[in-house]
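1. got a predicted model here, sequence first, then my questions.
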Number of protein chains: 2
Amino acid sequence: MAHPRLSLNQATIKHAPLPDAIDATRAAGIPSIGLWREPVADVGLDHAARLLADSGLRFSSLCRGGFFTTPDPAERRTALDSNRRAIEETAALVSAGAAGSAAVLVLVAGGIPAGSRDLAGARHRVQDALGELEPDARAAGVTLAIEPLHPMYASDRAVVSTLGQALDLARPFPAESVGVVVDTFHIWWDPEVLPQIARAGAEGRIATYQACDWATPLPADVLLARHYPGDGVIDFASLTAAVEATGYAGDIEVELFNQDIWADEWTAVARHTAESFDRAVAPHLRAPVAA
Amino acid sequence: MAHPRLSLNQATIKHAPLPDAIDATRAAGIPSIGLWREPVADVGLDHAARLLADSGLRFSSLCRGGFFTTPDPAERRTALDSNRRAIEETAALVSAGAAGSAAVLVLVAGGIPAGSRDLAGARHRVQDALGELEPDARAAGVTLAIEPLHPMYASDRAVVSTLGQALDLARPFPAESVGVVVDTFHIWWDPEVLPQIARAGAEGRIATYQACDWATPLPADVLLARHYPGDGVIDFASLTAAVEATGYAGDIEVELFNQDIWADEWTAVARHTAESFDRAVAPHLRAPVAA
């Protein structure tokens, strides 16, 4: 059996259709799964919810909303509409998940719009979009989880670059409806990471914790630079202890974008994920409560 | 004529021996040059100083010291000795440069030692090394300029990742002997960049300002991702205005690591550098004082 708090993010076995992803997760004894919108849409939301309910797995998050930095009014409207549908999908999936599922929608902000150098403007539009979406999230009982991405993605993927910045963006809103993602891969380098994790905990904003390792050299496509916990340089002891110290007791996702891992057989990847989690992350967690 | 505050960092024409680098800089009408230790060593320090003196160019900085994160005592001693020689070289070169030269030694901290995950320990060793080197720098009239590097280099090149962190490292020391490098490429993404530039100015620690652009997609080797000012997404208006507002009046270096630029003819690169500076950076500078 895998660790009771481990969740396999579906992106780790990106090419698996949803039924296969669920099967691989269960075969590895992993009790929880994080889903992506596209493979859910491939089978249809209702069928996805039924598969999830039948699996007995918890649902830990949906990836992803966001991408709302465009200044074009029509594109912005399209993006916000898409986020509203993602909120509804999150609510449907969490209802289908086992007890302990989390109504978390991960938000990746989006980059600087093409042809623009207005980073500050793009960041303001993230704040504005949160203001538009938060009432919908609150009504649906969903937490919008702002994910700070590594600064190497600041230009083309996410203008939210640090945990502190994500918390500042969340500040105007209730913690129930706007939180943050703590993903080791994106924030391990930050000299402020430990105090900002403590702050995230004190403000009740840790919507999910994700464990993923960093190694160099980076691959040619830096989007695919994510490694199994323990295969890189990240100090999971200090980061995990900091998250545990906040009292966060939810699932811990492993989400890997890596061409070599994607090429592996799905159940083997799920098993390897569970083993790497046991070695690199689990020793720094409180002992699980006996069932 | 190029802008009177422009300095060509020699790395921009990496394959040019020192005499050629000086010729290309002068041919483009650029009044200042930043040097690297290896090409200086190739001709010998005394000869390099003579070439510089004969050129009439200012000297804006020497690259580079640092790389002192190893925990191995012997390797550490070697690194510190090398830094002490770099301090002496800086002092010799600034004496040979034209009036307005800057006694600045750029420090790149070094990455996490191989096989280690102790980022915090590596950062502590940077602090310790500064304490060992600062008396030598002070005695030589040289400013050690801590360069925060983009967080994508935190594991293998520089554990100093933000301007705020660099300023914290500098804090125990006089501003004359320990300062920071403000390089747009490395810090443009930082949500705290403007207040930290203001802080750097208020603390008198801006040893040099470097203008270099960021564009995506990143090349396969992310070390070679630097672009002419104006060819990427960086907002030179806000960053340059922030540096100017501190009263910084020194040279502004352009230092580009880029395979395509390195393949170009040296004088053409120097001219292109001057033109890109005129377009992207100069409009945000105070009008130069008439000679």
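-> Arrived safely, thanks for sending.
2. find me the pLDDT at the closest residue to A:Gly250 other than its chain neighbours, would you?
-> Spatial nearest neighbour of A:Gly250, chain neighbours left out: A:Ala102 (5.7 Å); criterion: C-beta to C-beta, 6 or more residues apart in numbering or on different chains. Bear in mind the C-beta positions are built from the backbone N, C-alpha and C, glycine included. According to the prediction, A:Ala102 has pLDDT 98.
3. count the residues that sit near A:Ala102.
-> 23 (other C-beta atoms under 10 Å in any protein chain shown).
4. in a helix, A:Ser161, correct?
-> No - A:Ser161: not assigned to a helix; according to DSSP: H, G, I helix; E, B strand; the rest coil it is coil.
5. residue contacts, it?
-> A:Pro148, A:Leu149, A:His150, A:Pro151, A:Ala154, B:Trp189, B:Asp190, B:Pro191 (C-beta atoms under 8 Å, 6 or more residues apart in numbering or on different chains).
6. what comes up buried for the longest helix seen in chain A?
-> For chain A, the longest helix by residue count, based on DSSP state H, is helix A:73-96. Using 16 or more other C-beta atoms under 10 Å in any protein chain shown as the test for burial, helix A:73-96 gives A:76, A:79-80, A:83-84, A:86-87, A:89-94, A:96.
7. pick out the residue of the stretch 1-150 of chain A closest to chain B.
-> The stretch 1-150 of chain A approaches chain B most closely through A:Arg117 (4.6 Å), counting by C-beta to the nearest C-beta.
8. is it true that that residue touches B:Asp231?
-> No - A:Arg117 lies out of contact with B:Asp231 (C-beta atoms under 8 Å); the separation is 11.2 Å.
9. comparing these two, which shows the higher neighbour count?
-> Ranked by neighbour count (other C-beta under 10 Å), A:Arg117 and B:Asp231 place A:Arg117 first, with 21 against 17.
10. and the residue nearest to the more buried one when sequence neighbours are not counted, what does it touch?
-> The shortest distance from A:Arg117 to any non-neighbouring residue, by C-beta to C-beta, 6+ apart, is to B:Asp235 (4.6 Å). By C-beta under 8 Å, 6+ apart, B:Asp235 lies in contact with A:Arg117, A:Asp118, A:Leu119, A:Ala120, B:Trp188.
11. please apply the same query to A:Val43.
-> Counted by C-beta under 8 Å, 6+ apart, A:Val43 has contacts A:Pro17, A:Leu18, A:Pro19, A:Leu51.
12. wait, the first one touches A:Glu38, no?
-> If I follow you right, that is A:Pro17. No - applying C-beta under 8 Å as the test, A:Pro17 and A:Glu38 come out as separate, 10.6 Å apart.
13. contact residues of the stretch 101-250 of chain A facing chain B?
-> By C-beta under 8 Å from any C-beta of the partner chain, the residues of the stretch 101-250 of chain A that approach chain B are A:112, A:116-120, A:123, A:150-152, A:154-156, A:161-162, A:164-165, A:168, A:188-192, A:214-218, A:220-222, A:232-235, A:238.
14. next, the angle helix A:73-96 makes with the biggest strand by length in chain A.
-> Counting residues, the longest strand found in chain A (DSSP state E) is strand A:58-66. An angle of 180 degrees separates the directions of strand A:58-66 and helix A:73-96 when computed by axes from the mean of the first three to the mean of the last three C-alpha atoms, to 10 degrees.
15. pLDDT (mean, whole number) over strand A:58-66?
-> Strand A:58-66 comes out at a mean pLDDT of 98.
16. who does that strand touch, helix- and strand-wise?
-> strand A:6-9, strand A:32-36, helix A:37-43, helix A:73-96, strand A:104-108, strand A:206-210 (3 or more C-beta pairs under 8 Å, 6 or more residues apart in numbering or on different chains; DSSP states H and E).
17. what ranges do the helices span in chain A?
-> A:18-27, A:37-43, A:45-55, A:73-96, A:119-140, A:163-170, A:184-187, A:193-202, A:236-245, A:259-263, A:266-280.
18. so where's the stretch 101-250 of chain A uncertain?
-> Counting by pLDDT under 70, not a single residue of the stretch 101-250 of chain A qualifies.
19. quick check: closest non-adjacent residue to A:Ala103.
-> A:Val94 (4.2 Å).
20. okay then, goodbye and thanks.
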